[in-house]
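Enquirer: Turn this into a structure:
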Amino acid sequence: MTTPTSSVQATSAANTIAQFASDVRYYMMLEPRQLPSRYLYDPLGSALFDAICWLPWYEITRAERRLLGAHAADVFRCVPSLSTIVELGPGSGQKLRMLIEGGDSHRLPVDVHLVDVSHDALTRSTQTLASLAGVRTITHEQTYEAGLEAVAARAPDQGRTLVVFLGSNIGNFDPPDAHAFCRAIRAALAPGDALLLGADLIKPERQLLLAYDDPLGVTAAFNRNLLMRINRELAGNFVIEHFAHRAIWNPSAARVEMRLVADSRQHVSIARAQIEFDMSADEPIWTESSYKYEAGDVERMLNAASFRLNTHWTDETAQFALFLVDAV
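Expert: Numbers count the residues shown, from 1 in each chain. Reported below is the predicted structural model:
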């Protein structure tokens, strides 16, 4: 018997809520209290992040687009016979469209696999790529790791595969996990396949903090929206206006840390996560870490995962780099 689509969707939504509740219960009871950054990206959070990318203080997106515009054809020249592109975390799909359009004279028809846990992101990126000739889009509403495994398990073809991981999303992993994730990408590829990785580089502290605590308060709204999501989806009782956004640069760890800080004593109840606890004034909830790199550190991490540097390009204004590496 075929299960009605509505039932499948309801089951998927229930599973998602159950995982969200389980993660909130686990991470909020740690010391210090934490929330996984992946939950920042509900539909409102994704819209707020899109707005952040337009802010003059957040230079990553513009820098990456400049590099893609200048070097898309170089990517396709460096990875000839490219038949498959896998983008991890495609967002709106605009950057991948730039890459494909920029390399148009060098490319064959290509299968594009989009991997993201966000249904909304997959829908938007699919629509963005829909009008490109010779592009067939396949979506994977899965974690990056599960999506990579699904792509690796497909029937082999005669062309090469390029994994694309942009936006300095590698910076959302702590160093051991970043190394492990690079190895997971390599495990999904055959020798001769390639990875295009975007990484934000270390720059002056003021420049970093303005990117994560902008004067318009858009990043603060993006961060505080996570508490709104918990209230809405998990029956929480956070009083949003009693939590302030705070970003700090931790030079010893080479990361920007985002927190939500209680301005007074709070009693928090999250019914669907089955937890209650008290927060003291000035107690933080750690919501995101964004690691920054020296270019040599990125190369060493990729070399350790059995990639060999093909080339890399740096936007000197924003101190952002794209690394193109081959699987060996």
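Enquirer: from here on, contacts and neighbour counts on C-alpha atoms
Expert: Will do.
Enquirer: so where's the protein uncertain?
Expert: When residues are selected by pLDDT under 70, those of the chain lie in 1-15, 157.
Enquirer: As a check, name the ranges of all strands in it.
Expert: Per DSSP state E, the chain carries strands over the ranges 33-34, 82-88, 110-115, 135-140, 160-165, 194-200, 243-250, 255-262, 266-270, 275-279, 284-291, 307-315, 320-327.
Enquirer: Select, out of these, the one closest to L216.
Expert: The closest of the strands of the chain to L216 is strand 243-250. By CA to CA, the value is 12.4 Å.
Enquirer: and the direction of the closest one versus that of strand 284-291, what angle?
Expert: 40 degrees (axes from the mean of the first three to the mean of the last three CA atoms, to 10 degrees).
Enquirer: Can you list the buried residues in strand 243-250?
Expert: Applying a neighbour-count criterion of 16 or more other CA atoms under 10 Å, one finds F243, A244, H245, R246, A247, I248, W249 buried in strand 243-250.
Enquirer: Show me which of the residues you listed is closest to R25.
Expert: Proximity of the buried residues of strand 243-250 to R25 was ranked by CA to CA; the top entry is F243 with 19.1 Å.
Enquirer: re earlier: got the strands of the chain as CSV, with distance to F181 columns?
Expert: Shown next, in CSV, are these (distance: least, CA to CA, whole Å):
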stretch, distance to F181
strand 33-34, 21
strand 82-88, 12
strand 110-115, 14
strand 135-140, 18
strand 160-165, 11
strand 194-200, 12
strand 243-250, 23
strand 255-262, 18
strand 266-270, 32
strand 275-279, 32
strand 284-291, 14
strand 307-315, 13
strand 320-327, 14
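Enquirer: Identify whichever of these lies nearest to L226.
Expert: L226 sits nearest to strand 284-291 of all the strands of the chain, at 8.7 Å, using CA to CA.
Enquirer: Give me the angle between the closest one and strand 194-200.
Expert: Angle between the axes of strand 284-291 and strand 194-200 is 130 degrees (criterion: the same axes, to 10 degrees).
Enquirer: Please name every helix or strand in contact with strand 284-291.
Expert: Judged by 3 or more CA pairs under 8 Å, 6 or more residues apart in numbering; DSSP states H and E, the packing partners of strand 284-291 are strand 33-34, strand 255-262.
Enquirer: Buried deepest among the ones you listed, which one?
Expert: Ranked by mean neighbour count, these are led by strand 255-262 with a mean of 22 (mean count of other CA atoms under 10 Å).
Enquirer: Which other helices and strands does it contact?
Expert: When contacts are defined as 3+ CA pairs under 8 Å, 6+ apart, strand 255-262 packs onto helix 205-212, helix 218-234, strand 243-250, strand 284-291.
Enquirer: partner strands of the last one, parallel or antiparallel?
Expert: Going back to what we said before, that points to strand 284-291. According to DSSP bridges, strand 284-291 forms sheet pairs with strand 33-34 (parallel), strand 255-262 (antiparallel).
Enquirer: and these as JSON lines, adding distance to T317?
Expert: Rendered in JSON lines, the data for the strands paired with strand 284-291 read as follows (distance: least, CA to CA, whole Å):
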{"stretch": "strand 33-34", "distance to T317": "33"}
{"stretch": "strand 255-262", "distance to T317": "19"}
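Enquirer: Ok, which of those strands comes nearest A47?
Expert: So among the strands paired with strand 284-291, strand 255-262 is nearest, using CA to CA, at 18.6 Å.
Enquirer: Kindly format the C-alpha coordinates of that closest one as CSV.
Expert: The C-alpha trace of strand 255-262 is given here as CSV (Å, rounded to 0.1, in the frame of the first residue of the first chain):
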residue,chain,number,x,y,z
ARG,A,255,37.2,31.9,16.1
VAL,A,256,34.3,34.3,16.5
GLU,A,257,31.8,33.1,19.1
MET,A,258,28.2,34.2,19.1
ARG,A,259,26.1,34.0,22.3
LEU,A,260,22.8,35.0,23.7
VAL,A,261,23.2,36.5,27.2
ALA,A,262,20.4,36.7,29.8
